[in-house]
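> okay, here's the prediction I keep looking at, along with the sequence it came from:
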Amino acid sequence: MIKKTIHNIYSKVTWPFLANGVYCFNYHRIGDKDTSLFDPNVFSCTAEQFEKHIIFYNQTFTVISIEQLIEKIESNQVIDKKYAVITFDDGYVDNYTAAFPILKKYHTPAAFYIATDYLDEPHIPWWDEIAWLIRNSQVNSIQLTSWQEPVDISSGTIIDKVRTVLRVIKQENDRTMEDKIAELAKICQCNMPLEVRSIPLFMNWQQAKEMSDNGMHIGSHTLSHSILSHLSPDAQREEISLSKTKIESFLDKEVSSIAYPVGGKSAFTQVTQQLACEAGYKLAFSFIPGVIYSFNESNRYQLMRLPVDGDCTVNQLKNIIVRNK
């Protein structure tokens with residue numbers, strides 16, 4: 001409590017002196033995490049809270065599109081204002097049903113990064129399947145064969161349990177995600193039924209095109225949302241290049257940006273960045289927290305973003321900004 005109070009005081013004192021920079025805010029799902037059967041951690045906020053965020057961004061920053069950001073990067077402009085860029089990862093259908101109407105209402109541009117396999121053939125993504133297995137597990141601890149120690153899931157919130165298991169699974173890079181999930185299902189003694197697998201979680205191509213035609217930027221989040229650093233260079237090239245080609249064929253416009261799946265420091269490599277450049281992307285986003293204060297070739301394919309989660313209020317959003325400035 002004392003630490004939180006000190007941080008709130010620090011935020012209030014430093015907020016008026018917020019530096020010029022590009023503040024890229026990253027969302028995933030919009031909705032109520034408590035009603036979901038899947039991963040609660042991908043819910044950024046409710047629609048009500050998101051509308052408050054959009055009002056705050058427009059009052060506090062100059063909100064720019066990806067196209068405007070690219071123009072600033074390519075002309076090597078000095079960042080002389082506080083700019084905001086709004087991004088979404090994964091392409092959940094609530095981005096279309098909940099976020100898109102609010103963005104239109106306030107004439108605010110945003111970018112949506114889609115994993116094309118989930119639009120081609122709707123299915124439950126690996127992180128949501130893992131979360132479902134944890135929720136429905138018949139055991140109190142989990143230990144895959146390659147893990148050095150078990151993970152206790154007998155207590156704590158579902159948010160913490162899912163986050164912990166996902167963190168360990170993401171670190172293992174010598175097996176496919178399908179293999180890991182198959183073993184996890186055996187350990188948890190449960191299998192996802194067909195009616196759950198049939199739940200439509202992602203937007204379709206028609207919805208993506210409608211958003212694109214109404215000023216929203218649609219970018220690549222690869223084909224399958226695989227962790228790129230776990231793949232060979234050839235497999236990375238396929239994920240990065242073919243997703244771009246596919247989106248362009250559906251939207252009939254150039255796809256100029258990509259966001260790396262998972263996006264932490266260990267989720268992509270220098271090879272990944274080079275492949276993104278060779279594929280014709282003009283910028284790439286990581287999921288490393290931070291603010292962009294200047295443009296250069298070293299950060300063009302690993303631009304930082306600020307994570308928005310936990311249904312945070314505007315004041316809490318200010319704390320996120322100050323903490324990562």
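That came in fine, so what should we check first?
> low-confidence ranges, the chain, go.
Where the chain drops to pLDDT under 70, the residues are 1-13.
> quick one, domains of this structure?
Domain segmentation of the chain under automatic domain parsing yields 2-122+201-323, 126-197.
> which of those domains sits most buried?
domain 2-122+201-323 (a mean of 18; mean count of other CB atoms under 10 Å). Yep, even glycine has a C-beta here, placed from its N, CA and C like the rest.
> and the nearest residue to residue 69 once chain neighbours are set aside, what does it touch?
The shortest distance from residue 69 to any non-neighbouring residue, by CB to CB, 6 or more residues apart in numbering, is to residue 85 (5.8 Å). Residues in contact with residue 85, defined by CB atoms under 8 Å, 6 or more residues apart in numbering, are 22-25, 63-66, 69, 111.
> apply 7 Å and report the result again.
With contact taken as CB atoms under 7 Å, 6 or more residues apart in numbering, residue 85 is in contact with 22, 24, 64, 69.
> that one: helix or strand, and which one exactly?
Using DSSP states H and E, residue 85 sits within strand 82-90.
> and after that strand, which helix or strand comes next?
Sequence order places helix 93-94 as the next helix or strand after strand 82-90, per DSSP H and E.
> contacts for the helix or strand following that next one, please.
Once the chain leaves helix 93-94, the next helix or strand it forms, by DSSP H and E, is helix 100-105. Identification of contacts with helix 100-105 by CB under 7 Å, 6+ apart yields 47, 50-51, 54, 110, 211, 214, 216.
> at 6 Å what do you get?
By CB atoms under 6 Å, 6 or more residues apart in numbering, the residues outside helix 100-105 that reach it are 50-51, 54, 110, 211.
> nearest residue to the most centrally placed residue in the chain other than its sequence neighbours?
Nearest to the mean C-alpha position of the chain, by CA atoms, centre = their mean, lies residue 89 at 3.6 Å. Of all residues not flanking residue 89 in the chain, residue 113 sits nearest, at 5.0 Å (CB to CB, 6+ apart).
> doesn't that neighbour fall inside a helix?
No - under DSSP: H, G, I helix; E, B strand; the rest coil, residue 113 sits outside any helix and is assigned strand.
> who's in contact with it?
Residue 113 is in contact with 89, 219, 221, 259, counting by CB under 6 Å, 6+ apart.
> if we can go back for a sec, and the furthest pair within the contacts of residue 85?
Greatest spacing in the contacts of residue 85, by CB to CB: 24 and 64 (10.1 Å).
> what's the longest helix seen in the chain packed up against?
Identified as the longest helix of the chain according to DSSP state H is helix 233-251. Where contact means 3 or more CB pairs under 6 Å, 6 or more residues apart in numbering; DSSP states H and E, helix 233-251 is packed against helix 205-213, strand 217-220, helix 270-278.
> after it, next one along is what?
Moving toward the C-terminus from helix 233-251, the next helix or strand (DSSP H and E) is strand 257-259.
> show me where the stretch 51-200 of the chain has helices.
Taking DSSP state H, counting those that start in this stretch as the criterion, the stretch 51-200 of the chain carries its helices at 66-74, 93-94, 100-105, 117-120, 126-135, 158-171, 177-188, 194-197.
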